[in-house]
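# generate coordinates for the sequence data below:
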Amino acid sequence: MSSRVETRIRNSRGESLSPDREFLSSETHHLFAQIARERGDKATRRKAGDMTLWLHRHVVGLLSRPFSSWLIRCRVIEALQSRDTVVDVAAGDDTLCIDLAKRGKTVLVNDLSIGGLNYLQRRARAAGVDGKVGFIRSDARNLPIRMPLDAAVVKNLLHHLRDSEDIRETLFRILRVVRRIVLVEIEDPRHSFLARVWNLYYRKVLGDDGHNFIDVSTFHRLVAEMDSAATVHFIRTVKGRYLFVVIDAPGGEYD
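Numbers count the residues shown, from 1 in each chain. Here you go, the predicted structure:
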């Protein structure tokens, strides 16, 4: 975490936090520096495939954003209004962390991709919020967080997991270290022509290997098992329909 992070930050319950010392288990502190060290690694240098990624971020993403990403982001930010400490569990290259930091939240960004973490680190620095954003590189099944955070954003992770049992175990593990999960997942693309086209683009052009799409009925069952009071909503976008739900841990619903 940047040295500019406040020495003491309080979460929504008034508990005093020191993000660089108390959020993470001690063996993971070196990961912040690791991102910077690996920036020069050949695996993260620009290569032919980077042009495809650049086009996706700055052309395809820009054109589709008002009809997809922004619709989802508005719902996510609304669900996090009263939450001060947030972990984005599988961030990819989504700049949600910057919007949250600009709203005064302390954000941990997690992903397995060094390239994505490098990109978000640069964006956070350019936006002047790097003092509110930290970076970790961990499997979402075993987040190295040792004290409860206010919330986790889990977006488009589930279809990268092995099966329904893996999804269930992963969500329950996340719920042990946060008080709220904001869960967003694309519906099975087979139900929509546009969704099938976008899925083909993500797989063939961007190399996304997620394929274990969850059906609506299974999603409802998983949510009900975790929080019987939670209501699943649908967000219609140009990329297909997204499943959206806010899941509170027992005692976590303190809005």
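# where in this protein is pLDDT low?
Judged by pLDDT under 70, the chain has its weakly predicted residues at 1-49, 251-255.
# quick one, helices of the stretch 101-250 of the chain?
114-126, 164-175, 193-204, 216-226 (DSSP state H, counting those that start in this stretch).
# export the ones you listed to JSON lines and tack on mean neighbour count and distance to Asp99?
Quick note: C-beta positions are derived from backbone N, CA and C, even for glycine. JSON lines is the format used below for the helices of the stretch 101-250 of the chain (neighbours: other C-beta atoms under 10 Å; distance: least, C-beta to C-beta, whole Å):
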{"stretch": "helix 114-126", "mean neighbour count": "19", "distance to Asp99": "11"}
{"stretch": "helix 164-175", "mean neighbour count": "17", "distance to Asp99": "21"}
{"stretch": "helix 193-204", "mean neighbour count": "15", "distance to Asp99": "23"}
{"stretch": "helix 216-226", "mean neighbour count": "15", "distance to Asp99": "25"}
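# which one of those helices lies closest to Asp94?
Judged by C-beta to C-beta, the one of the helices of the stretch 101-250 of the chain that comes nearest to Asp94 is helix 114-126, at 8.0 Å.
# other SSEs contacting that closest one?
helix 30-38, helix 96-102, strand 133-136 (3 or more C-beta pairs under 8 Å, 6 or more residues apart in numbering; DSSP states H and E).
# now Gly128: phi and psi?
phi 80, psi 20 (degrees, to the nearest 10).
# now do the contacts for Ala124.
97-98, 101, 130, 133 (C-beta atoms under 8 Å, 6 or more residues apart in numbering).
# again, only this time at 10 Å
Ala124 sits next to 2, 95, 97-98, 101, 107, 109, 130-135 when contact means C-beta atoms under 10 Å, 6 or more residues apart in numbering.
# now do Leu55
Leu55 neighbours (C-beta under 10 Å, 6+ apart): 61, 205.
# tell me, which strand in this protein spans the most residues?
strand 240-248 (DSSP state E).
# tilt between that one and helix 193-204?
Per axes from the mean of the first three to the mean of the last three C-alpha atoms, to 10 degrees, the angle that strand 240-248 makes with helix 193-204 is 80 degrees.
# now do strand 240-248: which elements does it pack against?
The contact analysis (3 or more C-beta pairs under 10 Å, 6 or more residues apart in numbering; DSSP states H and E) places strand 240-248 against helix 69-79, strand 151-155, helix 164-175, strand 180-186, helix 193-204, helix 216-226, strand 233-237.
# chain center to the first one, what's the gap?
From the chain centre to the centre of helix 69-79 is a distance of 12 Å (C-alpha atoms, centre = their mean, to the nearest Å).
# and for Asn142, the neighbour number?
Under the neighbour criterion other C-beta atoms under 10 Å, Asn142 is assigned a count of 9.
# wait, isn't it in contact with Thr170?
Yes: between Asn142 and Thr170 there is a contact under C-beta atoms under 10 Å: 9.3 Å.
# need the overlap of contacts for these two.
With C-beta under 10 Å, 6+ apart as the test, Asn142 and Thr170 reach no residue in common.
# roughly how far does His160 sit from Ala126?
Distance, His160 to Ala126, using C-beta to C-beta, to the nearest Å: 28 Å.
# contact partners for Val216?
Counted by C-beta under 10 Å, 6+ apart, Val216 has contacts 187-188, 191, 232, 234, 241, 243.
# buried among those? Make that a ChimeraX selection.
Only the buried entries of the contacts of Val216 go into this ChimeraX selection, using 16 or more other C-beta atoms under 10 Å:
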select :187,188,241,243
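# now the two most distant members of the contacts of Val216.
It's His191 and Val232 that sit farthest apart of the contacts of Val216, by C-beta to C-beta, at 15.3 Å.
# before we move on, the earlier item: nearest to Leu80 among the contacts of Ala124?
Nearest member of the contacts of Ala124 to Leu80, counting by C-beta to C-beta, is Val107, at 9.8 Å.
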